[in-house]
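Engineer: here you go, sequence then predicted model.
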Amino acid sequence: MTTVHYTEASTGETRTITGNPGDSVMETAVRNGVPGIVAECGGSLSCATCHVYVREDQLDELSEMSEMEDEMLYGTAEDREDNSRLSCQIKLTEDMDLHVTTPETQI
């Protein structure tokens, strides 16, 4: 089973969502009404409103960050951290059990 655990930075509340392999963490959040993921551009890598912090021990499980994603992360509303990623660029894989935290604000 593919699972994403979304924790809201502002409340500490965690929502666990079952996702579909091949979908992005952002698509899964939007489809399930997860607060904290604005996704203004719909996943086209032209905004930074789907910023998340990935649990640090899981960063190596993800595909490498593209140069474009790296550049977009400098435009996030909340400070970029070493574990920052854009959730539109994280594709779910079979049996993934991923933990992400949304920033206080996306805009």
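Structural biologist: Arrived safely, thanks for sending. Since the structure is predicted, the reported quantities are computational estimates derived from the model, not experimental observations.
Engineer: which one is residue 29 nearest to, not counting chain neighbours?
Structural biologist: Once flanking residues are discounted, residue 29 sits nearest to residue 37: 4.0 Å by CB to CB, 6 or more residues apart in numbering. In short, each C-beta sits where N, CA and C put it, glycine included.
Engineer: what's the burial count for that neighbour?
Structural biologist: Residue 37 is flanked by 23 other residues according to other CB atoms under 10 Å.
Engineer: check residue 54 too.
Structural biologist: 21.
Engineer: sorry, back to before: please report the distance of the residue nearest to residue 29 from residue 96.
Structural biologist: Using CB to CB, to the nearest Å, we find residue 37 at a distance of 17 Å from residue 96.
Engineer: contacts only, for residue 69.
Structural biologist: 45, 85-86, 89 (CB atoms under 8 Å, 6 or more residues apart in numbering).
Engineer: list the residues that contact the spatially most central residue of the chain.
Structural biologist: For the chain, residue 87 is the residue whose C-alpha lies nearest the centre (CA atoms, centre = their mean; 2.8 Å). Taking CB under 8 Å, 6+ apart, we find residue 87 in contact with 24-26, 29, 37, 39, 50-52, 100.
Engineer: can you pull the pLDDT of it?
Structural biologist: Looking at residue 87, its pLDDT stands at 98.
Engineer: roughly how far does residue 82 sit from residue 58?
Structural biologist: From residue 82 across to residue 58, the span is 13 Å (CB to CB).
Engineer: more neighbours, those two?
Structural biologist: Applying other CB under 10 Å to residue 82 and residue 58 shows that residue 58 carries more neighbours, namely 14 against 8.
Engineer: right, and that one touches residue 101 too?
Structural biologist: No - using CB atoms under 8 Å, residue 58 makes no contact with residue 101, being 11.6 Å away.
Engineer: I'd like the distance between residue 5 and residue 29.
Structural biologist: Going from residue 5 to residue 29 by CB to CB gives 11 Å.
Engineer: shared neighbours, those two?
Structural biologist: Counting by CB under 8 Å, 6+ apart, the common neighbours of residue 5 and residue 29 are residue 17.
Engineer: ok, these two, which is more surrounded?
Structural biologist: A count of neighbours by other CB under 10 Å puts residue 29 above the other of residue 5 and residue 29, at 26 against 14.
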